[in-house]
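**Q** My questions concern the predicted model and sequence given below.
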Amino acid sequence: MLMVQAPDRHLVRSAVLSILPPLLLAVLLACWGTRALGLGNWYVLKALVVLAAGATLVFRGLPDHHPFRSLGAANRVTMTRGVLVALLAALAGERDSTLLAGIALAIGTIAAALDGLDGWLARKSNMVSRFGARFDMETDALFILVLAVLTWQFDKAGAWVLLIGLLRYAFVVAGLVMDWLRAPLFPSLRRKAIAVVQMVALLFALAPFVPRAVSEPVAGAALATLIFSFLVDVAWLRRQATRVGASEAA
C-alpha cells in the first residue's frame, strides 16, 4: 500500500505564515491598481487565481521535497517573486497603454532582480532542497511566459513571441508521450544563462521607450538562443536513451 508522507506541522505553519504577508500585499496592490490605474473589474480575481494555484502547488510539494522544518528565507524570496509574477499575469487582457507597459516593466525588473537572491540564500543558510530548486524553476518559467504574453499584448512583437514562454511547457507535455524526455538533465550554466537572457530580452522588449523595430528582433534573437538550448538538451537526452537501450539489449 502506498503511504503518503504527512507534512510536518511546523513546516506547514512556517509556510502559512510566510505566504500570508505577500498574499495580503498582493491583494492590496491589486485593489489599488484597479482603482488608481483603471484596470478591469476582473484584475483582482485574475491575480487571486494565479496566487491560489501557486499556493496549492507549494503546499503539495512541501512534504516530499522540503526536508526542513522551516520554509526558509530563500523560498520566501521566491514566494515574493511569485506574487509579483501573479500581479503581472493579471495584466493579461487589460488595455494596451504606455502607463501599464511601464508598470509591467517596473514589476518585472524587481522580480528579475530577485531571481539570483533565492539561490544564494539557500546556499548560505544550508537549506538547499529539491523543493526550492523546483519552486524557483517553475516561478522562472511562469515569469517568462507572462513576459512573452505581455510583449505580444503591448504590440512589441508578433504572436510568435509566445513560443519563448511555451517551449518549456511543450517540452513537459512531450515528455508525457516520450519517456526518454523525462530523464534527468545534467546541471548546466548554459541553461541558467539562457533563462536570464529570456528575462532580460523580454523586459527590454516590453519597455515603452523601445520601438517595435528594435524590440521584435531582440525578442527573436532570444527565441533563437532558447530553441538552440532546447535542441542541445533534447539531443543529449536522445543519446542517453540510445545508450541505455543499447546496453540493455547487449
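**A** That came through fine.

**Q** For the rest of this, base every contact and every neighbour count on C-alpha atoms.
**A** Fine.

**Q** Please enumerate the helices of the protein.
**A** Listed in chain order, the helices of the chain (DSSP state H) span 9-36, 43-65, 73-89, 98-113, 115-124, 130-153, 162-177, 189-206, 212-249.

**Q** Let me know which of those is the nearest to A183.
**A** helix 212-249 (7.0 Å; CA to CA).

**Q** any chance of the helices of the chain in a markdown table, with distance to A183 too?
**A** Below are those laid out as a markdown table (distance: least, CA to CA, whole Å):
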| stretch | distance to A183 |
| --- | --- |
| helix 9-36 | 30 |
| helix 43-65 | 18 |
| helix 73-89 | 26 |
| helix 98-113 | 28 |
| helix 115-124 | 23 |
| helix 130-153 | 15 |
| helix 162-177 | 9 |
| helix 189-206 | 16 |
| helix 212-249 | 7 |
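
**Q** Could you dump those into a markdown table with mean neighbour count and mean pLDDT added?
**A** A markdown table is the format used below for these (neighbours: other CA atoms under 10 Å; pLDDT from 0 to 100):
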| stretch | mean neighbour count | mean pLDDT |
| --- | --- | --- |
| helix 9-36 | 16 | 80 |
| helix 43-65 | 17 | 82 |
| helix 73-89 | 23 | 89 |
| helix 98-113 | 18 | 91 |
| helix 115-124 | 16 | 81 |
| helix 130-153 | 22 | 90 |
| helix 162-177 | 16 | 94 |
| helix 189-206 | 20 | 94 |
| helix 212-249 | 15 | 90 |
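
**Q** Next up, the contacts around A112.
**A** Going by CA atoms under 8 Å, 6 or more residues apart in numbering, A112 touches M199.

**Q** meant to ask about L163
**A** Applying CA under 8 Å, 6+ apart to L163 gives the contacts 148, 223.

**Q** State the distance from it to W152.
**A** 11 Å (CA to CA, to the nearest Å).

**Q** Now L226: closest residue in space, sequence neighbours ignored.
**A** Leaving aside its sequence neighbours, L226 sits nearest to I194 (CA to CA, 6 or more residues apart in numbering; 6.5 Å).

**Q** ok, now which ones touch the one you found?
**A** Counted by CA under 8 Å, 6+ apart, I194 has contacts 225-226, 229.

**Q** L185 now?
**A** Contacts of L185 by CA under 8 Å, 6+ apart are 233, 237.
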